[in-house]
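1. Below are the sequence and a predicted model for it; my questions follow.
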Amino acid sequence: MTLLEELKLLLEKDERLVSEGKLLKNRIVGLALKLDKDLIKLLLSNERVQEHFFTEVDKILVFDKEKFMKFVDNKEFLPDSYTIFKQNIGLMDGYGRYYKQIPWNEVVLVWPHKDCVLEGGQEKEDEKRKEIFHNEILAPDKIDWLLEPKVFTNFKRIDAKREHEVSEIKPTDNLIIKGNNLLVLYSLKKRYAGKVKLIFIDPPYNREGDSFYNDSFKHSSWLTFMKNRLEITKDLLTQDGVIFVICDDAEQAYLKVLMDEVFTRDCFIDTLAVQMSIVQGEKVKAAKEGNVVKNTEFIHIYSKAARKKIGTKPLYDITSYDPHYSVFLEGNDESGYSEVLLGEKIMRVDEIKNELEILGLLQKRNKKLYLPNNRLSDSYIKSGKFRDFILSNKDRIARVHDVGMYEKAGKIKIPKNKVVRITYGKRTYLVGYDNKGNIKQRITLQDKIRTSDDFNHEFGFTRIRGDWWQNFYLDMGNVEKEGGVKLKKGKKPERLLENIIKFTTKKGDIVMDFFLGSGTTCAVAHKMGRQYIGVEQLDYRENNAVVRLKNVITGDTTGISKAVGWKGGGDFVYCELKELNEEFIQKIQRAKDAKELLNIWEEMKKHAFLSYKIDPKKFDENAEGFKDLSLENQKKFLIGCLDKNNLYVNYSEIEDSQYNLRAEDKKLNKIFYREL
């Protein structure tokens, strides 16, 4: 029996490594990297395997994991792990069994490359918002310093007047960083670990139209991409920090299970259903053709630590006047209150009586004056006189409410035809008899009416909002105009971010968005007095976040500006990751033909960090064959020649003269990483 066959038989004894009768290469490699005790014990149990993969040092056996993984990586030993899973992406337990086989066990998501890193380069295609993940997935054993802190460059401080040289980076500075978000997140860890109160992200949804590189693994690539980024966010959040991730039905169910795994199910807070549009235009046509129109997106909310309370106060929806608030309380706490119908009370005020008569709202019933059906007309509700009346009497306008606790207050003597204030426990209540002789509570309009939670933060009737957030409140129809920048797809309304930020943070807290897009999150945070960090790799030119934030600083009047009284001011610091191989990737993507790509190849041989798998001489010898490839495949091939561990300059290499870093940049990086 060959060593290969013997090792296979040995590994098959560990049920964690087997699924549907086949060994799982990615799980074997993952456990070897972690020096899993059970795996090591299993390998030591076979004398031949022990002799081949262990070395004796001072009478101690040392596992040669590099030799072991090279052996396992041999295609003669096992096919690539993804071939095992190609048709079987789904829920598994820790032993590699699918959910349908173990309905009562705890489950996690398992997919090809789960333990790998998808670095995720991006580019802009035409005028469409598409994220292209052009880099191959990197296995753990192929990563050396990919996630090490990077060098930042091109610093500038931007305020209402102009762009300034940056001389310092203050703890309270707002940051906008251009570069790969995974690498930026790891670079932020030293300075911001445990300091970010809220993370909101709007990642690519992986639906039809998004173009993940390698269509055979579109779903698993997306999961790998998200898992890599979600894991580092846990380190950045404060102990009471929260993360909001918005998506649609393309991946929301898988995202929920993935976030359960990363943050644990105990840290799940809620999933918001957000109505992003109404059914009109082409959507009406689609509905008539028998389709279910999708106009809802979902926001999964998780906390860093297990808890359920994440907000400081309730959020409200604007609503119409509630006709149940139909009685008016006359009197005071000492003598008690008598009740009259709201319509009758309004009639006693001459000015309002005349207004009502003009509007034709009065009618007589049993010699008493009522508002028709106890309702006020919309036009009257919106009138200034009604507004003034309600605001000045909101603690006297009430509804009758049945609450069981008042049965326990039966010993309290309550006079007939009076409403009195009683103390029960730590609270006080207004109670009285109803017309059937039952004790009921009177709840005043004081808690129902708000002056700062409707569309424009003006006067309005409200109700506490749940997990269904409607379009009429978010006003999606005007999103394109917000911030002075345009992004036809993916742009979120300022009101949505305002609600999330208002609910979870206070002034001075740090808010982060590492899929910044056109900059909505940071624009809203700036207007609301929160510190922010925004990261974006795509270049939206005249519609990017920097342009938008400049507009905010100079007094942008769109979005929530009126609601929060925004007049302008403040500043932010902009910087970029110092490109290395990424610079060549950008050049490759912009190339128009093979001739231009071959010129880039000549430059790559002199200045780029090439993959150890690439032999430049062999490439040159087969240059004619390269020309026969399609332009798309030529680009993919050249990108594949680059070492993905060296896309950007590592901070540890900051003193290396070959990178031509300015003294000012060196100083600012040392300040950023707290070494100055």
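-> Perfect, thanks for sending it.

2. elements contacting the longest helix seen in the chain?
-> In the chain, ranked by residue count with DSSP state H as the criterion, the top helix is helix 218-236. Secondary-structure packing of helix 218-236 (3 or more Cβ pairs under 8 Å, 6 or more residues apart in numbering; DSSP states H and E): helix 181-192, strand 196-201, strand 237-247, helix 252-263. Heads up, the C-betas are built off the backbone N, CA and C, glycines and all.

3. can you list these in CSV and add mean neighbour count, mean pLDDT and distance to L496?
-> CSV is the format used below for these (neighbours: other Cβ atoms under 10 Å; pLDDT from 0 to 100; distance: least, Cβ to Cβ, whole Å):
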stretch, mean neighbour count, mean pLDDT, distance to L496
helix 181-192, 21, 96, 21
strand 196-201, 24, 98, 9
strand 237-247, 21, 96, 9
helix 252-263, 19, 94, 16
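
4. Of those, which is nearest E624?
-> In terms of Cβ to Cβ, the element of those nearest to E624 is helix 181-192, at 36.5 Å.

5. pLDDT on the longest helix of the chain, on average?
-> Helix 218-236 shows a mean pLDDT of 92.

6. buried ones in it?
-> Using 16 or more other Cβ atoms under 10 Å as the test for burial, helix 218-236 gives 219-230, 232-234, 236.

7. just to revisit the earlier point, nearest to I464, of the helices and strands packed on helix 218-236?
-> Of all the helices and strands packed on helix 218-236, it is strand 237-247 that lies closest to I464, at 19.2 Å by Cβ to Cβ.

8. Distance from the chain centre to the closest one, please.
-> 7 Å (Cα atoms, centre = their mean, to the nearest Å).

9. Convert the C-alpha atoms of that strand to PDB, please.
-> Provided in PDB are the C-alpha atoms of strand 237-247 (Å, rounded to 0.1, in the frame of the first residue of the first chain):
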ATOM      1  CA  LEU A 237     -16.600  47.500  17.900                       C
ATOM      2  CA  THR A 238     -16.900  48.800  21.400                       C
ATOM      3  CA  GLN A 239     -18.200  46.300  24.000                       C
ATOM      4  CA  ASP A 240     -21.700  47.800  23.500                       C
ATOM      5  CA  GLY A 241     -21.200  48.400  19.800                       C
ATOM      6  CA  VAL A 242     -23.600  47.200  17.000                       C
ATOM      7  CA  ILE A 243     -23.400  46.400  13.300                       C
ATOM      8  CA  PHE A 244     -26.100  46.900  10.700                       C
ATOM      9  CA  VAL A 245     -25.800  45.000   7.400                       C
ATOM     10  CA  ILE A 246     -28.300  45.700   4.600                       C
ATOM     11  CA  CYS A 247     -29.000  43.200   1.800                       C
END
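
10. Helix 252-263 and that one, what's the angle between them?
-> With axes from the mean of the first three to the mean of the last three Cα atoms, to 10 degrees applied, the angle from strand 237-247 to helix 252-263 works out at 170 degrees.

11. ok, residues contacting strand 237-247?
-> 194-203, 205, 230, 233, 255, 259, 263, 269, 274, 297-305, 307, 310, 492, 500, 504 (Cβ atoms under 8 Å, 6 or more residues apart in numbering).

12. tell me the angle that strand makes with strand 196-201.
-> Between strand 237-247 and strand 196-201, the angle comes out at 10 degrees (the same axes, to 10 degrees).

13. where does the stretch 451-600 of the chain have low pLDDT?
-> Scanning the stretch 451-600 of the chain for pLDDT under 70 picks out the ranges 451-461, 472-477, 487-490.

14. switch the cut-off to 80
-> Counting by pLDDT under 80, the stretch 451-600 of the chain has low-confidence residues at 451-464, 471-478, 480-481, 486-490, 538-543.

15. which residues of it fall in strands?
-> Taking DSSP state E, counting those that start in this stretch as the criterion, the stretch 451-600 of the chain contains strands spanning 460-464, 468-469, 510-513, 531-536, 572-577.

16. which one of those strands lies closest to D317?
-> Between D317 and these, the tightest spacing by Cβ to Cβ is seen for strand 460-464, at 5.5 Å.

17. L7 is nearest to which of the helices and strands packed on helix 218-236?
-> Counting by Cβ to Cβ, L7 lies closest to helix 252-263 out of the helices and strands packed on helix 218-236; the figure is 30.0 Å.

18. ok, and what's touching that closest one?
-> With contacts defined as Cβ under 8 Å, 6+ apart, helix 252-263 is touched by 91, 107-109, 219, 223, 226-227, 230-231, 234, 243, 245, 247, 268, 271, 298, 300, 302-304.
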